Structure formats: structure tokens, C-alpha cells
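**Student:** Just need the structure, nothing else, for what follows:
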Amino acid sequence: MKRKTLLLLTICVTMAATVFAQNRVSGGITAGANYSYLSSSDEVAGYNYDWKWKFGPVGGIYLNLPIGNTLSIQPSLLYSQMGSKYEFTDNTGTRKWTQNLGYLSVPVPLKINAGDHFAFLLGPQFDFLVGARLKDDADNKVKNEDNFKQFDFALTGGIQLMPNSPVSITIRGMVGLNNLMETPSSAVSQTYLVGKLHNSAAQATLNFRLFGGKSKTVAVTTPEVPVVLDSDNDGIPDNIDKCPNTPGVAKYDGCPVPDTDNDGINDDNDKCPTVPGVAKYNGCPVPDTDNDGINDDNDKCPTVPGVERYQGCPIPDSDNDGVNDEEDNCPHLAGTAANHGCPEIDASTQSKVDVMAKNIYWSISGGYTLSNRSNKSLDQIASMLKADSNLKVTVSAHTDNVGSDEKNKTLSQDRADAIRNYLISKGANESQVEAIGNGEEQPIADNKTAAGRAKNARVEIKLHY
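**Tutor:** The predicted structure follows:
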């Protein structure tokens, strides 16, 4: 609390000193409302959240510090209530909560005036937590500021309507960049909050200017320019100046030194007077040592031909397999050109997996519940995936044509999902397993016979990278 008090005092003293030091500074009070939201980047297993927006008050003081005719800095010191409403669902049911977060907010946006009717605002915002309270649907309230970090950094931007009037309107948005949670594990168990939260808000305020404003325009009179005999002030009288309205030199009878190639470097100083160039190279073009069409000043590989999108360097081949990254489906894993840069799957290994896929059985009562007889084969496939994190499998489930197309499609997807879930439960990564239900769309035998239908009701597991 002492640090917060010291920070607040410093800000106030700085604002006060600036007010008395600059006669064009203006300022006043502002008040309005936030429409805020807590966004979650991850979820806690076993819980389901439905996050919603909520309103909250905002108010404080502001200053406008001009740094030019159209630019100014407009810092504010605000009390700002943020937070979110959310519904939390677990195995006990659904609960409704409201999380309120109170901040001392210091937005410091750059203000760009676009006339008398509106201005643009863009810049950082610093938020200091001064209180937090959680309320349930029975209006029970508990303070929980210890679960949140005391500081948040945000980006803010918006517009201000009638920015030069005594009363103006500001509409801006804010996006917090910091994770708000201080102790994710205890927060989950005590307040049913997810592990990572970020502030988001839209804000509308009414601003009342109490002092300062636009400076008065001072009329400036220009003395009459006397008639001169040297119109272009180049020291050569008009009567002998062949270019009387353009400053020049005596060597060229009052005309400028010529620039034959129009590169802005006159011929007297241009080592390549007939070829456009740059001053750095005395009027000659920037060299292109490797002749790749990208001059050396912009070429990070000036001696090796490359392409513009890689700043003059060749297209990279991260895994050194001879297939460049733009054409390599596995850019960080050495493979073959025939397999688009990915490793080839050994035919004998795939053959073994094909045999394992034929040893997958289903519970008669469930239809898509795996039988324990399937465990041995699936465990072997899971072990392969755990041993090679780059290896992936596509699980394709098929049915015969007994029943409706829709039911067969659903059944096959359920079976493919059941296999995928089993492999993940045995240690495979979720990104390694793809599950596809094909229904009766891809038969390999005649569905008119029992033997054919048995062949069509199958599972295929294909290895790939």
C-alpha cells in the first residue's frame, strides 16, 4: 500500500507541475462506464466456463499536453472497475459468479487531432489493483485480491468526439497483456477461476474540461518584399542570369549544376552522371554483388543469390534434407523429396500396424465401446507414438451398409474417437492422433454378403509425419 501511495503522489505532483509549467496545457474530470470481460487462455480439466461481459464505473482526472499543432499526450488518473461475469459448470451443476476488479488506471495515449470533430487515441495503460471481490448468485461476497497480480499492462486505443470543446466524449478499447492470476492452483480450488486470465474492456466517458484550451491565434503581418535585381538570390543579377528564377552558379551562367540522370546528385559530384544512383555511392547505383536483383544495402546475404522475401538470402532448409522450408511439410524433421520433406514410413512397420488394426474389437452392447481384447494392439501403437513425438496416426473407422447413412456415419466417428481417446490416455499427444468416421462411404467388399459386410466394418490406422 505504501508503494501505491507513493506512486499516486508522484503522478499527482508531476501532473500539477506540468499544469503550471505549460500555458497550453488543459485538463479536467472524466466519468463513464466500462464494459469489461475476462478472457481465459486455458481451461481446467473437469470444469466448463461461460464468460460474459459486465458493466462497471470509471472516473477520474485527465490532462492534455500538446507537443505540436495536431499531436498531444493525454494521460489520465482513473478509478476503473473491470472484471467479468461467468457461469461455472462441474459435476455438481452450474453456478453464476461475478468477479469485480478495482484498478487505479493510468492510460497515457498519444492523441492525434483530425479536426474539430474527432481525434484518435493510441498508447499504453498501466493498471494497479486496489481491490477484488467475487460474488455468487446468492449475493455472497468474498474479497480475493490475493489471487490476482497487483499490476497489469494494457494497450488502449479509440476516438474522442469534439476533442477541442469544453465537453467531449471518449470511446476506447483496452486489451490487457499480462496474466492476472497470482496463484493459479489455489485460485482454482478456492474461487473456481481458470489458470490464466486477461483483461479486456470497452470504455465510454464524458469529459469536462476545467482549465486550459486552444491557444489564441496571433495575427502576423508580413512586410512587403522589396523589388530586387536578383530574383533567385544566387548572387547573379537577373540581366545576365540565364535561369533568373532558379538559383544556380556562375559556371553555368546562373543555372543549377545539371543532373543528367535525375538522381538528385549534380553532375559535378556524380561519378555515374548518366546512371541514377545514390549519394552514398557518389551518384552510382547501390551494387548487387550476387546479381540476385536485391542491392547490397538491403541484402543480408550479399554474396549468395537469394530472394526478396528472405532479404536476399536463399530460401532456408531448416532440417538440411534438401527440401526448402516453403515446400517441406516437415521443415524441422529431415525427410525425402518424394514424401514432401517428411520421413518415409517403413513398409514393414506400417504392415505391423495394419495387423494391429485388425485386432480391434467392440463391445456388443456398446457398439463403439472398445473391448479389452483391443488393448494389446492399441498399447503397442501408443508406445510407438510416445517413442517418437513427431510420428502421427490417422484413425479411419468404416461400417457396412446396414442401417441409415446418418447412423453409420455417427457410429464410425464414435469408434474413431474411442480409439483416439484410448491412445491419448496411454500417453500419446493429442496432436499426434486424427480420428475420421467414414461411415459406409468407402466399402472394400460387396455389402450383399455377410463376409463382405464384415470386411467393410473395419478400422484402418495409417502412420505418417
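**Student:** how about low-confidence regions in the stretch 201-350 of the chain?
**Tutor:** Within the stretch 201-350 of the chain, the ranges that satisfy pLDDT under 70 run 214-228.
**Student:** Okay, the residue lying closest to residue 87 once chain neighbours are set aside and residue 176: tell me how far apart.
**Tutor:** Spatial nearest neighbour of residue 87, chain neighbours left out: residue 50 (4.1 Å); criterion: Cβ to Cβ, 6 or more residues apart in numbering. Every residue, glycine included, has its C-beta placed from N, CA and C. Computed with Cβ to Cβ, to the nearest Å, the distance linking residue 50 and residue 176 is 20 Å.
**Student:** Next: residue 77.
**Tutor:** Distance from residue 77 to residue 176, by Cβ to Cβ: 18 Å.
**Student:** right, and the helix or strand after the strand or helix carrying residue 416?
**Tutor:** Here residue 416 sits within helix 405-425, counting by DSSP states H and E. Going down the chain from helix 405-425, the next helix or strand is strand 433-439, by DSSP H and E.
**Student:** buried set for that next one?
**Tutor:** 433, 435, 437, 438, 439 (16 or more other Cβ atoms under 10 Å).
**Student:** any idea of the mean pLDDT in the helix or strand where residue 153 lies?
**Tutor:** Here residue 153 sits within strand 151-161, counting by DSSP H and E. Computed over strand 151-161, the mean pLDDT rounds to 94.
**Student:** strands paired with the strand of greatest length in the chain, and their directions?
**Tutor:** Ordering each strand of the chain by length in residues (DSSP state E) puts strand 118-136 first. Under the criterion DSSP bridges, strand 118-136 sits next to strand 93-107 (antiparallel), strand 110-113 (antiparallel), strand 141-143 (antiparallel), strand 151-161 (antiparallel) in its sheet.
**Student:** Can you pull the domain assignment for the protein?
**Tutor:** With domains defined by automatic domain parsing, the chain comprises 2-211, 228-257, 347-464.
**Student:** Export the ones you listed as CSV, with columns for distance to residue 302.
**Tutor:** CSV is the format used below for those (distance: least, Cβ to Cβ, whole Å):
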stretch, distance to residue 302
domain 2-211, 37
domain 228-257, 33
domain 347-464, 36
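**Student:** If you average pLDDT over each of those, which is lowest?
**Tutor:** domain 2-211 (a mean of 82).
**Student:** what separates that domain from the chain centre, distance-wise?
**Tutor:** 20 Å (Cα atoms, centre = their mean, to the nearest Å).
**Student:** Equivalent analysis for stretch 305-312, please.
**Tutor:** That offset, for stretch 305-312, works out to 26 Å (Cα atoms, centre = their mean).
**Student:** Please identify the buried residues of stretch 288-302?
**Tutor:** 288, 290, 292, 294, 295, 296, 299, 301, 302.
**Student:** Which of these fall within strands?
**Tutor:** Short answer: the buried residues of stretch 288-302 have none in strands (DSSP E).
**Student:** of these, closest to residue 251?
**Tutor:** Distance to residue 251 across these (Cβ to Cβ) is lowest for residue 295, with 32.8 Å.
**Student:** Now do the contacts for the closest one.
**Tutor:** Residue 295 makes contacts with 285, 286, 287, 288, as judged by Cβ atoms under 8 Å, 6 or more residues apart in numbering.
**Student:** please redo it, this time with the cut-off set to 7 Å
**Tutor:** If you count contacts by Cβ atoms under 7 Å, 6 or more residues apart in numbering, residue 295 has them with 286, 287, 288.
**Student:** Now do the helix holding residue 416: which elements does it pack against?
**Tutor:** helix 375-387, strand 392-398, strand 433-439 (3 or more Cβ pairs under 7 Å, 6 or more residues apart in numbering; DSSP states H and E).
**Student:** would you turn the ones you listed into a markdown table with distance to residue 65?
**Tutor:** Shown next, in a markdown table, are those (distance: least, Cβ to Cβ, whole Å):
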| stretch | distance to residue 65 |
| --- | --- |
| helix 375-387 | 60 |
| strand 392-398 | 57 |
| strand 433-439 | 57 |
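**Student:** the more surrounded of residue 50 and residue 176?
**Tutor:** Each of residue 50 and residue 176 has its neighbours counted (other Cβ atoms under 10 Å); residue 176 has more, 22 against 11.
**Student:** so that one sits right up against residue 198, yeah?
**Tutor:** Yes. Using Cβ atoms under 7 Å, residue 176 makes contact with residue 198 at a distance of 4.8 Å.
**Student:** Break down the stretch 1-150 of the chain into its helices, ranges please.
**Tutor:** 2-21 (DSSP state H, counting those that start in this stretch).
**Student:** The nearest residue to residue 318 once chain neighbours are set aside and residue 276, how far apart?
**Tutor:** For residue 318, ignoring the flanking residues on the chain, the nearest one in space by Cβ to Cβ, 6+ apart is residue 331 at 5.0 Å. As judged by Cβ to Cβ, residue 331 and residue 276 stand 40 Å apart.
**Student:** for residue 256, same thing?
**Tutor:** Going from residue 256 to residue 276 by Cβ to Cβ gives 17 Å.
**Student:** Please apply the same query to residue 408.
**Tutor:** For residue 408, the distance to residue 276 - Cβ to Cβ - is 71 Å.
**Student:** From residue 253, how far out is the residue lying farthest from the centre of the chain?
**Tutor:** Among the C-alpha atoms of the chain, the one most distant from their mean position (Cα atoms, centre = their mean) is that of residue 239, at 66.0 Å. The gap separating residue 239 from residue 253 is 12 Å, by Cβ to Cβ.
**Student:** list residues touching both of those two?
**Tutor:** Counting by Cβ under 7 Å, 6+ apart, nothing touches both residue 239 and residue 253.
**Student:** Show the backbone phi and psi for residue 260.
**Tutor:** phi -60, psi -40 (degrees, to the nearest 10).
**Student:** which one is it nearest to, not counting chain neighbours?
**Tutor:** Residue 260 sits nearest to residue 273 (Cβ to Cβ, 6+ apart), 5.0 Å away.
**Student:** One more: residue 291?
**Tutor:** Nearest non-adjacent residue to residue 291, counting by Cβ to Cβ, 6+ apart: residue 305, 6.8 Å away.
**Student:** one step back: so which of the helices and strands packed on helix 405-425 is the most packed in?
**Tutor:** Mean neighbours per residue, mean count of other Cβ atoms under 10 Å, is largest over these for strand 392-398, with a mean of 22.
**Student:** and that one, C-alpha only, in PDB?
**Tutor:** Taking Å, rounded to 0.1, in the frame of the first residue of the first chain, the C-alpha atoms of strand 392-398 are listed here in PDB:
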ATOM      1  CA  LYS A 392       1.300 -39.200 -36.200                       C
ATOM      2  CA  VAL A 393      -1.500 -41.600 -37.000                       C
ATOM      3  CA  THR A 394      -4.800 -41.200 -38.800                       C
ATOM      4  CA  VAL A 395      -7.600 -43.500 -37.400                       C
ATOM      5  CA  SER A 396     -10.300 -44.200 -40.000                       C
ATOM      6  CA  ALA A 397     -13.400 -46.100 -38.900                       C
ATOM      7  CA  HIS A 398     -15.800 -47.700 -41.500                       C
END
